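1. Requesting a structural model of the entry that follows:
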Amino acid sequence: MAKFCSQCGKPLQEGEICTCQQQAGAVGKTETPQAAKVPPQGGPAVQGQVPPQGGPQGYGQVPPQGGPQMYGQVPPQGGPGMYGQVPPQGGPGMYGQVPPQGGPGMYGQPGYGQPYGGPQAPRQPGAAGIYMKGLWGTILGAYKKPAETLSGLAEAAKTPVVLGALGIQTVLFSLIFLFFGLRINGLAGGFKVVNTPLLFVMALIAGAGVLAVYGVFALAFTKGIAKKNMTYMQGLGVAAAKAVAQMPFTAVTALFVLIIPFDEGGGTMAMITFMVYEVGSMLAYFFIPAAMEKFAAEDKNKKVWQLFLLFLAGAAAAMLIAWLYGKIVGSSMSSMLRGFM
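-> As a prediction, this is how the structure comes out:
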């Protein structure tokens, strides 16, 4: 009686095995109980497998969203980062990671040793700050080391520093007349006896004119007597030495004019005020030769006459400017200006 395969229905001889069952047996022998199987959902993962969603991960695997991460993995957004990983935004950073924005930095990372909220770079002074520091340093240096500072001031002829020193002295000089006009009008009971704005502007012009002419004379007597080259800016450097000498004493004089009462001992206090200003003029007789050191004549006799003529010409220029000043604002103001020049 013929037999048939129970699987495919193929007719078989006595004791014959169907080929479909032989193929199924061969496939079963090549497989192992643990290899090439995909674990069910929620089961443990084996090395080299792709873990299902939600299961634990092994080394070298790509973790699912929300699961824990191991070394060499890319952590999901919101999960903790390990060594060599790039932490997500808002998560804690480890060594060698780039910290998130706004978080504290670790060793070797940007932001280490800096306050929270981002790096705080030291503030660098601007151009104005650097200029004021250099100008102030020159003024102080002129009183600490006058020979070195004033000689270098004239020789280097740095225009911003020279013009700055000349400008400060000119403004301080003008404040003497401004305060004087305010005090006169105050004593007049509110009547405008003196045009204080005009007085201030004219004092500015007069003070600047004296210093500018001084630079011209320094240039002329250096080339004419010492036979040395000098630029006009270097001549103004010599005038700047005169300005630096008078600067603090001019400021004190302006303050005295503002605060000393005119009706109580006015004559005595006015004389003291005038003497304070003259101390600065006397100091200029020492500061100017220091500034002229590099431009003075080699012959000592010529050097004496060079300096003498420079001071004489400067005094003559001051008298001339005071005379012109008197023609504009009055003889009394002209006399005052001559006294302070």
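
2. how about the strands in the protein?
-> Taking DSSP state E as the criterion, the chain carries its strands at 3-4, 11-12.

3. Could you tell me the least trusted of the ones you listed?
-> Among those, strand 3-4 carries the lowest mean pLDDT, at a mean of 66.

4. If you drop the residues flanking it in sequence, what lies closest to Gly209?
-> Spatial nearest neighbour of Gly209, excluding adjacent residues (C-beta to C-beta, 6 or more residues apart in numbering): Ile321 at 5.3 Å. C-beta here means a position set from N, CA and C on the backbone, and glycine is covered the same way.

5. count of residues packed around Phe311?
-> For Phe311, the neighbour count with other C-beta atoms under 10 Å is 16.

6. shouldn't it be in contact with Phe286?
-> No. Between Phe311 and Phe286 there is no contact under C-beta atoms under 8 Å: 11.6 Å.

7. so what's the residue nearest to Gly209 scoring on pLDDT?
-> At Ile321, pLDDT is 79.

8. Also Gly90?
-> On the pLDDT scale, Gly90 gets 49.

9. Could you report the neighbour count for Glu293?
-> Glu293: 15 neighbours (other C-beta under 10 Å).

10. show me where the stretch 201-341 of the chain has helices.
-> Ranges of helices within the stretch 201-341 of the chain are 232-259, 266-291, 300-329, 331-340, based on DSSP state H, counting those that start in this stretch.

11. buried stuff in the second one?
-> Judged by neighbour count (16 or more other C-beta atoms under 10 Å), helix 266-291 contains these buried residues: 269, 273, 276-277, 280-281, 283-284, 287-291.

12. I'd like the average pLDDT over it.
-> pLDDT averaged over helix 266-291 gives 86.

13. Remind me what that helix packs against, helices and strands.
-> Secondary-structure packing of helix 266-291 (3 or more C-beta pairs under 8 Å, 6 or more residues apart in numbering; DSSP states H and E): helix 146-156, helix 232-259, helix 300-329, helix 331-340.

14. And these: which comes nearest Met202?
-> helix 300-329 (5.8 Å; C-beta to C-beta).

15. elements contacting the closest one?
-> helix 196-221, helix 266-291, helix 331-340.

16. how about those, which one is nearest Ala156?
-> helix 266-291 (11.2 Å).

17. Can you say which of the helices of the stretch 201-341 of the chain is nearest to Gly224?
-> Closest among the helices of the stretch 201-341 of the chain, using C-beta to C-beta: helix 300-329, at 8.6 Å.

18. now the angle from that closest one to helix 196-221?
-> Put simply, helix 300-329 runs at 160 degrees to helix 196-221, going by axes from the mean of the first three to the mean of the last three C-alpha atoms, to 10 degrees.

19. Now do helix 300-329 and helix 266-291, the angle between them.
-> Using the same axes, to 10 degrees: helix 300-329 against helix 266-291 is 140 degrees.

20. pull the CA atoms of stretch 203-212 into CSV?
-> Once non-C-alpha atoms are left out, stretch 203-212 reads as follows in CSV (Å, rounded to 0.1, in the frame of the first residue of the first chain):
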residue,chain,number,x,y,z
ALA,A,203,41.2,134.7,28.4
LEU,A,204,41.2,131.4,26.5
ILE,A,205,42.5,133.2,23.4
ALA,A,206,45.1,135.2,25.4
GLY,A,207,46.4,132.2,27.3
ALA,A,208,46.6,130.0,24.2
GLY,A,209,48.3,132.8,22.3
VAL,A,210,51.0,133.3,24.8
LEU,A,211,51.9,129.6,24.8
ALA,A,212,51.8,129.4,21.0
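
21. Check which residues of it are buried.
-> In stretch 203-212, counting by 16+ other C-beta under 10 Å, buried: 203-204, 206-212.

22. Make JSON lines out of the residues you listed and add distance to Ala297.
-> Output for the buried residues of stretch 203-212, formatted as JSON lines (distance: C-beta to C-beta, whole Å):
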{"residue": "Ala203", "distance to Ala297": "35"}
{"residue": "Leu204", "distance to Ala297": "34"}
{"residue": "Ala206", "distance to Ala297": "31"}
{"residue": "Gly207", "distance to Ala297": "29"}
{"residue": "Ala208", "distance to Ala297": "29"}
{"residue": "Gly209", "distance to Ala297": "27"}
{"residue": "Val210", "distance to Ala297": "24"}
{"residue": "Leu211", "distance to Ala297": "23"}
{"residue": "Ala212", "distance to Ala297": "24"}
